[in-house]
Each structure stands twice: as C-alpha cells, then as structure tokens.
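Participant: Give me a 3D structure for the following:
(one chain, ligands or ions: 1)
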Amino acid sequence: MAKKAAQYPHGDRTWWQEARFGMFIHWGLYSVLGRHEWVQNRESIPPEVYEKYQEFFEPDLFNPQEWARMAKNAGMKYLVITAKHHEGFCMFDSKYTDYKARRDYIREVVDAYRAEGLRVGFYYSLLDWHHPQFRIDCFHPLYVKPGWEQLNQQRDQKKYTEYMRQQVRELLTNYGKIDILWFDFSYPSKDGTGKGREDWESEKLLKLIRSLQPDILLDDRMDLPGAGDFQSPEQYVPARGIRDENGALLPWEGCQTFSGSWGYHRDEQTWKTPHDLITMLVNHVSRGGNLLLNVGPTARGYFDQRAQASLEAIGAWMKFHSPSIYGCTIAPEEYPEPEHCRYTYNPVTGRLFLHLYSWPQKFLHLPQLAGKVKFARFLHDGSEILRKEPVALPHGHMNAAVGSDVLTLILPPVAPKVEVPVIEIFLN
Ligand code: GLC
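Facilitator: Model prediction:
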C-alpha cells in the first residue's frame, strides 16, 4: 500500500524553484544507432545483438567542459544526465556489471558542470532491456505474443531490483552531493504486462535514497504517489500549472526535446525554432514550472550543430532576459494575460514581466492594472515604456476605447530586435 502524500519526506526544492531552467542529457549506446533512444524496442533488437554496438561507441570528441559551458551560456542552472537508460548500458563505472562504457563519462561530466557552478542530477532508468533478470514486459524488445511469459520463467525480478539498489547506492555515494534523481518510469497493469511499485520495490528504493542523500530531489515516476518532490509532465505545459485538490500550485518540471527524440536522432527534422524554444521556456515559468531541456549528444561525444545553434539562441535571449525567468512563477490571478502574451512574476521583488509573443500596433491594453503601476520598461535595454491610464473615452482618432481598469502601454511601431520582447512592470 502506498502511503499518503504527507508521510513522505521531501528534499530541498528552494534552489530548484529559483533556478527554473536545466539541461537534460540523453547519451548512451543509442547515439551510435542515431534513430531514437527507443530504437531497441522499436526495432525489436535482442540484447545480444544490441550489445555489439559497444564496440562502435567511440566518443573521441567528448569534451564535457565544452558541454558545461554551453549549458551555462544558455542560462541553464542544473543538469540531469542519463546514468543508464532503458537499454541498460551504464555510462558510469559500476562494480555490478560489465555492460558499461570504457570510461566513467558520468564522473567527467559531473566534474565539468560543477566547475561551471551548475547543480547535477542523474537520470536512472527503472527499465532495463539488457539485464538477464529483468522480467520481460510490454516494452521489452523480446516481448512476443504469445510466448513472452515463457521467456520469463528463468527470470527473477527481485535479483534485478537488488542490482538497481546496488547501482543507486553507487551513484549516490561515489559522486558527492547529487541534487536530483530522475527515475524513469512506471507503467503498472493488472495483466502482468506492465511494471509498478511492486516490481521496482519502490518503497525500499526510496528509503535507500533518502538515507544516502536526504536533500535530493526525486521525480514522480516510481509509482509512489506523493513520494516525488515534483511532477514531470513530458512534452507539454499544463494549462494552469499542476495543482492539488485545493487549487494550490505544486512543484513541477516539464521535460522537452529540441526535436522529438531524446537520444541523438540524425534524421529527425522537426527541430524547434529559437522562437519556439524561448516561448516554451516562458510558458513553463509562466505556469509555475521548471523547464528541463534535452540535448542528445552524438556518438563521437559532441552536441551537433543544430543543438549548439539552439542553445546559443536561447543564451542570446537569456543574456538580457533572465530576470523574467530566475525566481519567477505564475502571476497573481488578478492580472489576466492580454492576447498573445504571457506573464511571469517575481514574488520577492513584486515585479511583473510581460512577454510579447506577437507585436501589437502601438497600444497594449493591460486589464486590472490601471493605477497600480509606477514604472514600465523594456527588460532588454531598461528604456521606459510610456503609458496611459485609462485611455480617454470615447474613441478619439488617436486613442482606443478601453475600460476604466485598463492600463495602456504605448509601444514603438517596430518591435525591438530580440526573439521575444519583455516588458518589466514595477507595481506600486
Ligand atoms: C520517456 C521515455 C524516455 C525518456 C523520457 C524523458 O518516458 O521513456 O525515452 O527518457 O521520457 O522524460
């Protein structure tokens, strides 16, 4: 039986909510195949065939300092990297398996990111498509109908959970203070084709984690409601953030890709534009969440040109606009967002940040703000935005008619040359 939410201890979420923006890295053998990190499942590649790719994993251009600099320049404050993905191949040095990289890449990455002042966390897959004791289920590459149950006769899931705990212990003792542990994922089902808390022995796992690193932040994917420190919606932004039954905002982090795949995918063409990426970041923060944005490094160990260009574009915007991201959250409900705009709000400074997704002509009307604003400026250059409150009624030939609670900003005819303009509003 899962306990009630309140009974689980929690880690330290303060730094994380202030940070708002992190880098996810999916790097493993799948980068050699270059066709999505689920390629082993999608193409039903048996473990003994898939493992041969080890020979061709040669990251000769691996440069973790460069990765860390790129993350930092993009404005990211923390890292979550795959120590092991569903394929089972370990990117860290584990005593408990030979199915691992020739170098401890995880250690080198952790050192490099810390040196840039970023926090670090591990992604660890609960699934394992290589471990001989992991019981075959609906996602396993050996899942065949009928016959999969028979394949399971030699498999003892308890031996696998023991292995998981040993590896989690390694990850949480050999690398210093770890800020986040990101488990992936649960898919319980009654007919035995899925897996959930019993299959992972989640309670035991949780106890181990909290005993080793009490402050660590844990995601919500081990099928123990209330045990996670944050929720992890994938590739979407919840319309009003995520809330409890009383309407209070809960901590959450959306994870997103540049192009749909998490692992390096050479032929994937649906890359988001800089505008897509920056509005995506704002969308998360404006609904009270964090964004964990993923890079899938190549098999030779570098971020490909598309990823680099995307990070640079975000960095160019963040250089001038990060105050509307760090420490910000959803705006008080009394201020409704004008069309094609998003607010973020810094509860400490009491400032409101208005993000303009399209450029209005001259007037921008802000409901509920008449009489409440002492100054407004562009965030990128600090220059004043003139305002009228409220604009005279009825229609003049240079004035729009608006309600008496409306503050009107008077904008220049041409948008500033930044990807998403932001107006910083100083409330009285
Ligand atoms: C999914 C996928 C996985 C990816 C993860 C990131 O659940 O299984 O490949 O690592 O999402 O959130």
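Participant: Give the helix, strand or coil label for whichever residue of the stretch 301-428 of the chain sits closest to the ligand.
Facilitator: With CB to the nearest ligand atom, the shortest gap between the stretch 301-428 of the chain and the ligand falls at Ala307, namely 16.3 Å. Heads up, the C-betas are built off the backbone N, CA and C, glycines and all. The local conformation at Ala307, judged by DSSP: H, G, I helix; E, B strand; the rest coil, is helix.
Participant: residues in contact with the nearest residue to it once chain neighbours are set aside?
Facilitator: Here the nearest residue to Ala307 in space, its sequence neighbours aside, is Val295; by CB to CB, 6 or more residues apart in numbering that works out to 5.0 Å. By CB atoms under 8 Å, 6 or more residues apart in numbering, the residues touching Val295 are 23-26, 67, 258, 303, 307, 311.
Participant: hmm, try it at 7 Å
Facilitator: Listed by CB atoms under 7 Å, 6 or more residues apart in numbering, the contact partners of Val295 are 23, 25, 303, 307.
Participant: pLDDT weak spots in the stretch 251-400 of the chain?
Facilitator: Along the stretch 251-400 of the chain, the parts satisfying pLDDT under 70 run over 391-400.
Participant: Which residue ranges of it form strands?
Facilitator: Per DSSP state E, counting those that start in this stretch, the stretch 251-400 of the chain carries strands over the ranges 253-256, 290-295, 341-346, 351-356, 363-366, 373-378, 386-388.
Participant: need those strands in TSV with distance to Thr408, can you?
Facilitator: Listed next are those as TSV, based on distance: least, CB to CB, whole Å:
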stretch	distance to Thr408
strand 253-256	33
strand 290-295	32
strand 341-346	14
strand 351-356	13
strand 363-366	5
strand 373-378	11
strand 386-388	5
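Participant: With distance to the ligand as extra columns, can I get these in TSV?
Facilitator: As requested, those are exported to TSV (distance: least, CB to the nearest ligand atom, whole Å):
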stretch	distance to the ligand
strand 253-256	5
strand 290-295	7
strand 341-346	24
strand 351-356	26
strand 363-366	36
strand 373-378	35
strand 386-388	43
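Participant: among those, which is nearest Thr161?
Facilitator: Thr161 sits nearest to strand 253-256 of all the strands of the stretch 251-400 of the chain, at 25.0 Å, using CB to CB.
Participant: per the record, what domains does the protein have?
Facilitator: According to automatic domain parsing, the chain comprises the domains 5-324, 341-427.
Participant: Which helix or which strand is home to Ile209?
Facilitator: If you go by DSSP states H and E, Ile209 is part of helix 202-212.
Participant: What strand or helix carries Arg102?
Facilitator: Short version, using DSSP H and E: Arg102 is in no helix or strand.
Participant: Beta-bridge partners for the residue most central in space within the chain, please?
Facilitator: The chain has Leu292 as the residue nearest its centroid, 1.9 Å off, counting by CA atoms, centre = their mean. Note on Leu292: beta-bridge partners by DSSP bridges are Gly22, Cys255.
Participant: Spell out which parts of the chain neighbour the ligand.
Facilitator: Contact residues (CB under 6 Å from any ligand atom) of the chain with the ligand: 26, 37-38, 184-185, 234, 255, 262.
Participant: mind redoing it with 8 Å?
Facilitator: 24, 26, 37-38, 82, 85-86, 123, 125, 127, 182, 184-185, 221, 232, 234, 255, 262-263, 294 (CB under 8 Å from any ligand atom).
Participant: distance of the closest residue to Glu149 other than its chain neighbours from His140?
Facilitator: With sequence-adjacent residues excluded and distances taken as CB to CB, 6+ apart, Glu149 is closest to Gly192, at 7.7 Å. Per CB to CB, to the nearest Å, Gly192 is found 12 Å from His140.
Participant: Show me which of those two is the more surrounded one.
Facilitator: Neighbour tally, Gly192 and His140, criterion other CB atoms under 10 Å: the higher count belongs to His140, 23 against 13.
Participant: So which residues of the chain form helices?
Facilitator: 14-19, 30-33, 39-42, 47-50, 64-73, 105-115, 148-151, 157-173, 197-200, 202-212, 274-286, 305-321 (DSSP state H).
Participant: Any idea which of those helices gets closest to Asn246?
Facilitator: Checking the helices of the chain against Asn246 by CB to CB gives helix 14-19 as the closest, at 19.3 Å.
Participant: Any chance you could list what contacts the closest one?
Facilitator: The contact list for helix 14-19 (CB under 7 Å, 6+ apart) reads 77-78, 119, 217, 251, 290, 326-327.
Participant: give me that answer again for 8 Å
Facilitator: So helix 14-19 is contacted by 77-78, 119, 179-180, 217, 230, 251, 290, 326-327, 329 (CB under 8 Å, 6+ apart).
Participant: Would you mind listing which of those residues are buried?
Facilitator: 77-78, 119, 179-180, 217, 230, 251, 290, 326-327, 329 (16 or more other CB atoms under 10 Å).
Participant: List only buried entries from the residues of the chain next to the ligand.
Facilitator: Applying 16+ other CB under 10 Å to those flags 24, 26, 37-38, 82, 85-86, 123, 125, 127, 182, 184-185, 221, 232, 255, 262-263, 294 as buried.
Participant: OK, contacts around the closest residue to Gly196 other than its chain neighbours?
Facilitator: Distances taken as CB to CB, 6+ apart put Pro188 closest to Gly196, at 3.0 Å, once the chain neighbours are dropped. Neighbouring residues of Pro188 by CB under 8 Å, 6+ apart: 194-197, 223.
Participant: and what of Ala415?
Facilitator: With CB under 8 Å, 6+ apart, Ala415 has these contacts: 356, 359, 421.
Participant: One more pass at 10 Å, please.
Facilitator: Ala415 sits next to 356, 358-360, 421 when contact means CB atoms under 10 Å, 6 or more residues apart in numbering.
Participant: Against Gly371, how distant is it?
Facilitator: Taking CB to CB, one finds Ala415 at 28 Å from Gly371.
Participant: now Lys204
Facilitator: Taking CB to CB, one finds Lys204 at 58 Å from Gly371.
Participant: which one of the strands of the stretch 251-400 of the chain lies closest to Leu407?
Facilitator: Nearest of the strands of the stretch 251-400 of the chain to Leu407, taken as CB to CB: strand 363-366 at 4.6 Å.
Participant: Walk me through which strands that closest one pairs with, and which way each runs.
Facilitator: Under the rule (DSSP bridges), strand 363-366 has strand 407-410 (antiparallel) as partners.
Participant: Output the strand it pairs with in CSV with nothing but the alpha carbons.
Facilitator: Output of strand 407-410 as CSV, limited to C-alpha atoms (Å, rounded to 0.1, in the frame of the first residue of the first chain):
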residue,chain,number,x,y,z
LEU,A,407,-3.6,50.4,-18.2
THR,A,408,-2.5,51.1,-21.8
LEU,A,409,1.2,50.7,-22.8
ILE,A,410,2.3,52.8,-25.7
